[in-house]
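>>> Mind looking at a prediction? Sequence and model below.
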Amino acid sequence: MIPIAKPYLTAEEAQAAYDTILTGWITQGPRVAEFEEKFASYTGAKYAVAVSNCTTALHLAMIVAGIKEDDEVICPSMSYVATANSIKYVGAKPVFAEINPDNYNLDVKDAEKKITAKTKAILLVHQIGMPADIDAFKKLADKHNLKLIEDAACAAGSSYKGRKIGSHSELVCFSLHPRKVISTGDGGFITTNREDYYQRMKLLRQHGMSVNDRVRHESSKIIFEDHIEVGYNYRMTDIQAAVGIKQLEKLDWIVSERRKIADKYNAAFKDIENIQLPIEEKGYFSNYQSYSIYLKDECPISRNELMQKMLDAGISTRRGIMTSHRETAYKTECAGLSLPVSEKSADRSIILPLYIPMKDEDINKVIEVFRSILVGTPVA
Ligand SMILES: *Cc1c(COP(=O)(O)O)cnc(C)c1O
């Protein structure tokens, strides 16, 4: 069976976790501090705050951006549901806008149409690792005095206009879930260039505590902490951070290997007329967190049939990105909302296996099976 994805973890990561456990310091401590410095430096942002996952990263971003009850935040419906959920956590309303069918990212014109007097922010997603047009959204946000927050859950290692995702706007949130390109089991980051945001997020992720465990531990004088505001436990552990440091060292290599596989798929499928392959325009650099193909109307087979046939041949695939407004949790409040582009993109796209190391034999099998189902002929 060829799986859809697999984290790339080696004996190095296992050793790092082992060594950290034996230091006796297992939750947020020196390894987290080191990982934060390295992640900030990798992305080019001034600061990075390590947290338990990207969903908690998004929650903290919403809080420090000042998003509150009854505010509206524009985001794509076509995204993992955590995007919309993070807006709900602060009592605000996700307002779903359409996506651009070529790259599954938020459509700037539709986003502008959805702005009301209550809109406070735009939550921009770099879907499956393909950067969204950050500059266009910055311009829109500035014009309407809105905050711009990036959901870069899938986009560690991707770049936009020559710079790594993570330093373009005030709040950028990342995921280190095993389904993303590097992983710590679970884990997340917020990168920012603003010192005030940085300080407040560090407080909020650790119960609002004025002094962190490490500072208290290392102090030669007794210290009593104060809890300055109601915070959360959104800590990353040092065991995770030790693994993450090793993963980060490999990130650029992982991305280049993933891109080689994406290139092979692109070359092998480019003659198939009734499908749309991923589009990476100039200035956009994807980490290919997922490789998604859109089946055009003329495509002779339905997406679900195609998935079943691939599975029958021993290849797992996934449906394309979901839409949030059709999930049970959002159905009632979104009754009557029509997002035809998002719905069609979600219903007619398929994600193919892509992980490293992926054997040539497995890449070729995916190519052959996919081609034989769609056009009845093996590689041209
Ligand atoms: C995976 C994902 C998340 C959630 O990340 P976690 O680390 O699992 O909380 C949020 N947004 C998007 C777009 C994602 O793909």
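Okay, I see it.

>>> For the rest of this, base every contact and every neighbour count on C-alpha atoms.
Noted.

>>> can you map out the strands along the stretch 201-350 of the chain?
Assigned by DSSP state E, counting those that start in this stretch, the strands in the stretch 201-350 of the chain fall at 275-276, 284-285, 291-295, 318-319, 349-352.

>>> Check which helices and strands the second one sits against.
I take that to be strand 284-285. strand 159-160 (3 or more C-alpha pairs under 8 Å, 6 or more residues apart in numbering; DSSP states H and E).

>>> The strand it packs on - contacts with which helices or strands?
Using 3+ C-alpha pairs under 8 Å, 6+ apart, strand 159-160 is in contact with strand 284-285.

>>> Report how many residues lie close to the residue lying closest to residue 222 once chain neighbours are set aside.
Using C-alpha to C-alpha, 6 or more residues apart in numbering and skipping the chain neighbours, the partner closest in space to residue 222 is residue 216 (7.6 Å). Per other C-alpha atoms under 10 Å, the neighbour tally for residue 216 reads 14.

>>> ok, back up a step: dump the strands of the stretch 201-350 of the chain to JSON lines, plus mean neighbour count.
Converted to JSON lines, those look like this (neighbours: other C-alpha atoms under 10 Å):
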{"stretch": "strand 275-276", "mean neighbour count": "18"}
{"stretch": "strand 284-285", "mean neighbour count": "20"}
{"stretch": "strand 291-295", "mean neighbour count": "22"}
{"stretch": "strand 318-319", "mean neighbour count": "16"}
{"stretch": "strand 349-352", "mean neighbour count": "23"}
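
>>> who in the protein is up against the ligand?
53-55, 79-80, 82-83, 125, 151, 153-154, 175-177, 187-188 (C-alpha under 6 Å from any ligand atom).

>>> Can you tell me the centre-most residue of the chain?
The residue lying closest to the centre of the chain (C-alpha atoms, centre = their mean) is residue 153, at 1.8 Å.

>>> doesn't residue 245 make contact with residue 183?
No: Residue 183 is not in contact with residue 245 according to C-alpha atoms under 8 Å; the separation is 10.0 Å.

>>> which intervals of this protein have sub-threshold pLDDT?
Applying pLDDT under 70 to the chain flags residues 377-380.

>>> okay, now the domains of it?
Residue ranges for the domains of the chain, per automatic domain parsing: 11-249, 252-374.

>>> Can you say which of the ones you listed is nearest to residue 4?
domain 252-374 (4.0 Å; C-alpha to C-alpha).

>>> Tell me who's in contact with residue 138.
Contacts for residue 138 (C-alpha atoms under 8 Å, 6 or more residues apart in numbering) come out as 148, 169.

>>> Would you agree it falls within a helix?
Yes: the assignment for residue 138 by DSSP: H, G, I helix; E, B strand; the rest coil puts it in a helix.

>>> Quick check: it vs the ligand, distance?
Using C-alpha to the nearest ligand atom, to the nearest Å, we find residue 138 at a distance of 19 Å from the ligand.

>>> likewise residue 62?
13 Å.

>>> That residue is in what secondary structure piece?
Residue 62 is located in helix 54-64, with elements delineated by DSSP states H and E.

>>> I'd like the next helix or strand past that helix.
Taking DSSP H and E as the definition, the helix or strand right after helix 54-64 is strand 72-76.

>>> And the contacts of that following strand?
83-84, 87, 92-99, 105-106, 111, 114-115, 118-125.

>>> before we move on, back to that, the residue nearest to residue 222 and the ligand: what is the separation?
29 Å.

>>> same thing with residue 371?
28 Å.

>>> Now for that residue, how many residues are close by?
18.

>>> Likewise for residue 341?
15.

>>> Surely it and residue 101 touch.
Yes: with contacts counted by C-alpha under 8 Å, residue 341 reaches residue 101, the gap being 6.6 Å.

>>> List the buried residues in stretch 241-259.
241-248, 251-252, 254-255, 257-259 (16 or more other C-alpha atoms under 10 Å).

>>> contacting residues around residue 176?
Here residue 176 is in contact with 53-54, 153, 182-188 (C-alpha under 8 Å, 6+ apart).

>>> Just the buried residues of those.
53-54, 153, 182-184, 186-188.

>>> Take the residues you listed and write them to TSV, including secondary structure.
As requested, the buried ones among the contacts of residue 176 are exported to TSV (three-state DSSP):
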residue	secondary structure
53	coil
54	helix
153	coil
182	coil
183	coil
184	coil
186	coil
187	coil
188	strand
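
>>> which among those gets closest to residue 363?
For those, the nearest to residue 363 is residue 182 (20.7 Å; C-alpha to C-alpha).

>>> ok so, going back, winner for burial among the domains of the chain?
Counting by mean count of other C-alpha atoms under 10 Å, domain 11-249 has the highest mean neighbour count of the domains of the chain, with a mean of 20.

>>> Tell me how far it lies from the chain's centre.
10 Å (C-alpha atoms, centre = their mean, to the nearest Å).

>>> Check the separation of the first and last residues in that domain.
Domain 11-249 stretches 14 Å from its first residue to its last (C-alpha to C-alpha, to the nearest Å).

>>> now do stretch 18-36
Note: stretch 18-36 ends 20 Å apart using C-alpha to C-alpha.
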